[in-house]
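Only the shape, not the letters, is given here:
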């Protein structure tokens, strides 16, 4: 997730990959809308438009399509599209009344609002729905009905450079904001180009960086159903981040314009003491074997248990004549343990099911994420206006580092209130 989970993986292709020689079917040339009821003939094929998380994504879906065909007799046509272009690709398809039967994307609520999607009650078995983690059921629900079925997830934690910590005399990962500032200052004081904290508030995913900090300060994007972007807690959070850069001077230059990938590169180079990251970063660090790192829960300024920022993308089913049974069969197969967990492991992310937590618990490196995942705090993807708000946040939140945090959040609050 710039705003998508998929942008976490470096080197994604910008080209769409067609995995099936099939064409037509309900996935081509059929208007979006119109359920599967009545006497409509059942479809011979359906189409999935899937996001490319890595170079292995296409291989998984090709094999999945073969299993789906063998199990159902229905052809699954698969088109894998890079995160760079999937928003435009899918939007154009839907505007042209050529929606896919299944779409893998990080937003769904506007389509649910327009009544284009099947609800979980229509296409998801009770056993599957009851196995989904509650946090993802909530994030995938619009007006108390679930429309966004989670495909995989990630959760954030604090990565720290053990060697730099030892060199600076820091005994353990910080648990409070005061301890965090102290640790960052000690690393910064080492000199030699080392920085205390790599802060990405640039347009790639400013909402993610801000979320995990403000969630640990009692803040949120919405409270009691109304936008709270300029709340006192959020203003305090952005002011804290601004001070890290301008007063304590423990960040890289221009954190308000730094993207997450750049912050990760700083940490992977061994020159940053801390960065907020997730399991794909750990995978890259393990592969490079250049940084001796640790992972800890986020430091809190609100007391109580540390909060984590969770992210999930969705597999949504579009209502099209005759496709309901085929869409339901897709979900039935995907959520089999040997499918959903295989996909998530291959892509380096985290589970979306309760049974998946048990499967992934065997990896001790995932413990810090798995312990907090059931209570993960997500952005308000259940609000159809979030996508517009998120774009404004990505483009403008970083201005609060060089400028006025309250004025920045006031402007974002106004965007949210006017977007509904």
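Right, received. Where do you want to start? Here the structure is a predicted model, which means the values were calculated and not measured. Numbering: from 1, shown residues only.

what sits against residue 56?
Contacts of residue 56 were listed using Cβ atoms under 8 Å, 6 or more residues apart in numbering, and they are 346-347. (Each C-beta comes from the backbone N, C-alpha and C, glycine too.)

Look up how far residue 351 lies from it.
Applying Cβ to Cβ, to the nearest Å, the value for residue 56 to residue 351 is 18 Å.

For the chain, just list every one of the strands.
17-18, 45-52, 75-82, 102-105, 141-142, 145-146, 149-155, 157-161, 195-197, 222-223, 226-227, 272-277, 293-296, 310-317 (DSSP state E).

With mean neighbour count and mean pLDDT added, can I get those strands in a markdown table?
What follows is the strands of the chain, written out as a markdown table (neighbours: other Cβ atoms under 10 Å; pLDDT from 0 to 100):
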| stretch | mean neighbour count | mean pLDDT |
| --- | --- | --- |
| strand 17-18 | 15 | 34 |
| strand 45-52 | 25 | 97 |
| strand 75-82 | 23 | 97 |
| strand 102-105 | 25 | 97 |
| strand 141-142 | 20 | 97 |
| strand 145-146 | 18 | 98 |
| strand 149-155 | 26 | 96 |
| strand 157-161 | 24 | 97 |
| strand 195-197 | 27 | 98 |
| strand 222-223 | 14 | 96 |
| strand 226-227 | 15 | 98 |
| strand 272-277 | 26 | 98 |
| strand 293-296 | 18 | 96 |
| strand 310-317 | 26 | 96 |
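
How about the residue nearest the centre of the chain, nearest residue that isn't a chain neighbour?
A centroid search over the chain (Cα atoms, centre = their mean) returns residue 311, at 3.2 Å, as the residue closest to the centre. The shortest distance from residue 311 to any non-neighbouring residue, by Cβ to Cβ, 6 or more residues apart in numbering, is to residue 154 (4.9 Å).

quick one, what contacts that neighbour?
Contacts for residue 154 were tallied using Cβ under 8 Å, 6+ apart; they are 5, 8, 278-280, 310-312, 349-350, 369.

which one among those gets closest to residue 231?
Among these, residue 310 lies closest to residue 231 (Cβ to Cβ), at 20.6 Å.

Can you tell me how far that closest one is from residue 294?
21 Å.

For the residue nearest to residue 109 when sequence neighbours are not counted, grab the count of nearby residues.
Leaving aside its chain neighbours, residue 109 sits nearest to residue 384 (4.3 Å; criterion: Cβ to Cβ, 6+ apart). By other Cβ atoms under 10 Å, the residues close to residue 384 number 19.

same check, this time on residue 114
For residue 114, using other Cβ under 10 Å, the count is 12.

Then residue 388?
16.

That one reaches residue 419, doesn't it?
Yes. Residue 388 lies in contact with residue 419 (Cβ atoms under 8 Å); the separation is 4.7 Å.

re the thing from before, in a markdown table, list the strands of the chain along with distance to residue 244.
Output for the strands of the chain, formatted as a markdown table (distance: least, Cβ to Cβ, whole Å):
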| stretch | distance to residue 244 |
| --- | --- |
| strand 17-18 | 41 |
| strand 45-52 | 33 |
| strand 75-82 | 33 |
| strand 102-105 | 33 |
| strand 141-142 | 36 |
| strand 145-146 | 39 |
| strand 149-155 | 23 |
| strand 157-161 | 14 |
| strand 195-197 | 6 |
| strand 222-223 | 25 |
| strand 226-227 | 26 |
| strand 272-277 | 11 |
| strand 293-296 | 18 |
| strand 310-317 | 23 |
